[in-house]
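> I need the structure of the sequence given here:
(one chain, ligands or ions: 1)
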Amino acid sequence: MTNNSISNLDRQSLFHPFTSVADLMRDGPLVIAEGQGVRVRDAQGNEYLDGMAGLWCVNLGYGRTEITEAIAAQSRKLAYFHAFNGMSTDVAAECAAALLERAPVKMARVFFGVSGSDANETQLKLIWYYNNLLGRPRKKKILTRWSGYHGSGVATGSLTGLPGMHANFDMPLGPFIHLPRPHHYRDAPAGMDEREFSRHLARELEQVIAREGADTIAAMFAEPVMGAGGLIPPPEGYFDEIVPILRKHDILLVADEVVTGFGRLGTYWGSQSYGFEPDLITAAKGVTSGYFPMSVCYVSPKLWDVFESESTRAGLFGHGYTYSAHPVGAAAALATLRLIDTDGVVANVSQLGPHLQRSMREAVGKHPLVGEVRGKGFMLGIELVRDRATKESFPKEALVGRRLLKKLLGMGLITRALGDTLVFAPPLTIGRKDLDLLVSTFAEGLDAIAREIA
Ligand SMILES: Cc1ncc(COP(=O)(O)O)c(C=O)c1O
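Residues are numbered from 1 along each chain as shown. A predicted model of the protein is given here:
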């Protein structure tokens, strides 16, 4: 089939997620045909450095035969069986045990799903289930943060703090309380340093708990570094301030590690980068390096003990998905976890992450269009502004971030524009040379856009 006919077929048939229908009808899709290492090729043969590892998921790069062979072998042996009604498979059990071994804190069980969204839906239900079993029917509200991203279901989209995802969908629904985002560059009062801003946010958290009543608040969800909401690392001391407050009020902490799990910040888990201990952890994406849809909910002994001891009274655990504990997904995950262990992937990020952050800062940190370069490990964001001194943003309609994204695509570099913040989250296997190429290509593209704007 020719490129044109694929493009037309797509335009006439495929309803794309997170895409403007009007833009797609005008521009058509970019059809990616193959990938190897940190690069992909489009249907016309143009090569791109994938600065986003797909959607921050292809952590081990493309074409890893260790994973594809594991998928093929498991598909041949047993392509599907479920885990309802006490059924299981050898790989699903092994995968669960392997994941428990790699947990950052002692965890009791893992529950499998197929996406970050469904995993966070499961977490919400586990939290409500837990409080119902404990006879605390009022303790149900969920704290979350503006600019947080936790999925696109009705509950997880509501939990998400992005107004653009609420508009036109009659959301947010449910007992979700959105706290201020921990965005020092944008939201800290003038002259307030990061440490003080963290204390300020902690005081606001205390006020919300006092207003709502701790007996009505069940949990708080947080990404260690906010991803899709604009790549926002927490200000210094943020988790040190808020975690003790949550503990004091018996509010569970869910670390949404869908992006940060499995090495992206230079530690195996994002929560380890910030030294806090979650009660529940959500993971997905990197667990199979994006090779198979799979998600993981880690459940701590605190919750599991209640689930176990109340089980006879509660009856059947009435939740799950057809593809929970999918054997092919489990085989993909086991192969991925082994590669993470043997390939020095986490060490690569801990060594090269600071280099990436520093070299992007050196290359564009003082550029007239750059307000802030921020990030940690292999999560990097560059926020574009019209005026560095006042931090004034470009008008939305100017679509400056989108224009730069397209310019970079033309130069063979894939990025993602979250509004006017351009983000990078390359495969964790990328080397220094390609990171340097990523930075120099970005700087060149930025200069080109600056000239066009001038
Ligand atoms: C932190 C976080 N949580 C949840 C999700 C939702 O995952 P999925 O798109 O697999 O449903 C994402 C997706 O990017 C995410 O970044």
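> ok, the one residue in the stretch 1-150 of the chain that gets nearest to the ligand - how many residues close by?
For the stretch 1-150 of the chain, the nearest residue to the ligand under the criterion CB to the nearest ligand atom is residue 116, separated by 2.3 Å. (C-beta placed from N, C-alpha, C; glycine too.) Each residue near residue 116 was counted by other CB atoms under 10 Å, and the total is 26.
> which residue packs closest to the closest residue to the ligand within the stretch 301-450 of the chain, ignoring adjacent ones?
When scored by CB to the nearest ligand atom, the stretch 301-450 of the chain has residue 425 as its residue closest to the ligand, at 9.9 Å. Among residues not flanking residue 425 along the chain, residue 56 sits closest, at 4.1 Å (CB to CB, 6 or more residues apart in numbering).
> re the thing from before, dihedrals phi and psi, the residue of the stretch 1-150 of the chain closest to the ligand?
Backbone torsions of residue 116, given as degrees, to the nearest 10, read phi -60, psi -40.
> Quick check, it in contact with residue 258.
Yes. Contact between residue 116 and residue 258 holds when scored by CB atoms under 8 Å: they sit 3.8 Å apart.
> The ligand contacts on this protein?
When proximity is defined by CB under 6 Å from any ligand atom, the chain lies next to the ligand at 55, 115-117, 120, 149-151, 223, 227-228, 256, 258-259, 284.
> pLDDT score for whichever residue of the stretch 201-350 of the chain sits closest to the ligand?
Distances between the stretch 201-350 of the chain and the ligand by CB to the nearest ligand atom are smallest at residue 258, namely 3.6 Å. As predicted, residue 258 sits at a pLDDT of 98.
> what about it, neighbour count?
Residue 258 sits with 29 neighbouring residues when counted by other CB under 10 Å.
> Tell me which other helices or strands the strand or helix carrying residue 422 touches.
Secondary structure assignment for residue 422, by DSSP states H and E: strand 421-424. In terms of contacts (3 or more CB pairs under 8 Å, 6 or more residues apart in numbering; DSSP states H and E), strand 421-424 is packed against strand 379-384, helix 400-410, strand 416-418, helix 432-453.
> what domains does the record give for the protein?
Under automatic domain parsing, the residue ranges defining each domain of the chain are 31-60+344-453, 66-342.
> OK, contacts around the residue lying closest to residue 250 once chain neighbours are set aside?
Once its chain neighbours are removed from consideration, residue 250 has its nearest residue in residue 214; the separation is 6.9 Å (CB to CB, 6+ apart). Contacts for residue 214 (CB atoms under 8 Å, 6 or more residues apart in numbering) come out as 249, 250, 251.
> out of these, which is most surrounded?
So for those (other CB under 10 Å), the most neighbours sit at residue 251, 22 neighbours.
> neighbours around residue 54, how many?
Look at residue 54: counted by other CB under 10 Å, it has 18 neighbours.
> which SS class is it?
helix (DSSP: H, G, I helix; E, B strand; the rest coil).
> State the distance from it to residue 228.
Applying CB to CB, to the nearest Å, one obtains 14 Å for the distance of residue 54 from residue 228.
> and for residue 116 and residue 258, which residues touch both?
Common contacts of residue 116 and residue 258 (CB under 8 Å, 6+ apart): 282, 284, 285, 295.
> what's in contact with whatever helix or strand residue 76 lives in?
Secondary structure assignment for residue 76, by DSSP H and E: helix 65-77. Around helix 65-77, the neighbours that count as contacts under CB under 8 Å, 6+ apart are 60, 91, 288-289, 291-292, 327-328, 330-332, 334-336, 338-339.
> Can you give me the neighbour number for the residue lying closest to residue 324 once chain neighbours are set aside?
Using CB to CB, 6+ apart and skipping residues adjacent in sequence, the residue nearest residue 324 is residue 112, 4.8 Å away. A total of 26 residues lie near residue 112 under the criterion other CB under 10 Å.
> And for the one 5 residues further on?
Each residue near residue 117 was counted by other CB under 10 Å, and the total is 24.
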